[in-house]
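**Q** sequence and predicted structure are below.
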Amino acid sequence: MSVPSDSPDVVLVESRLDPAELRRLVTAHFEDMVKYVVDVARGVAAVGGELHADEEALLLEHGSRQEDLWGANYYPGRGEAGCIEYTSLINIRPAHGNRSMLITDEAVRERVREITFALVGRGEPLA
């Protein structure tokens, strides 16, 4: 299930995103990818928009905690090994040991991957 936000380009995703909705979000801004933010504690994601900050704000409005939010980019059609780019400005948090845009903690990366595969996709081509 996806919950629309104030911005039609960002949705809160609590169960597998409909393929048609994913296509709409991917083509809305970047044509080959979509930005998203995962709440690693709650197992939900916000997908779409131009900036990871857009998705981050939506999740915070819906009860997420800042320290549980991690940004990434999803590329449909690249398969499981290449569909996730674990990079976002919101990931820079020196106080939590992440000093770069890349998620450096392997456990966090694995959790982001699990949630991505469950809610967004496994890198299959757009339908």
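**A** The structure has been received and is ready for your questions.

**Q** tell me, what residue is most central in this protein?
**A** Residue closest to the mean C-alpha point of the chain, counted by Cα atoms, centre = their mean, is Y36 at 2.4 Å.

**Q** the helix or strand that contains it - what's its average pLDDT?
**A** The secondary structure element spanning Y36 is strand 34-39 (assigned by DSSP states H and E). Model confidence over strand 34-39 averages 98 on the pLDDT scale.

**Q** then that strand to PDB, C-alphas only?
**A** Extracted C-alpha coordinates of strand 34-39, given in PDB (Å, rounded to 0.1, in the frame of the first residue of the first chain):
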ATOM      1  CA  VAL A  34      14.000   7.100  -8.300                       C
ATOM      2  CA  LYS A  35      15.200   8.500  -5.000                       C
ATOM      3  CA  TYR A  36      13.900   7.000  -1.800                       C
ATOM      4  CA  VAL A  37      14.400   6.900   2.000                       C
ATOM      5  CA  VAL A  38      14.000   3.900   4.200                       C
ATOM      6  CA  ASP A  39      13.100   3.800   7.900                       C
END
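
**Q** pairing partners for that strand, with directions?
**A** Each strand pairing with strand 34-39, determined using DSSP bridges, is listed with its direction: strand 44-48 (antiparallel), strand 69-74 (antiparallel).
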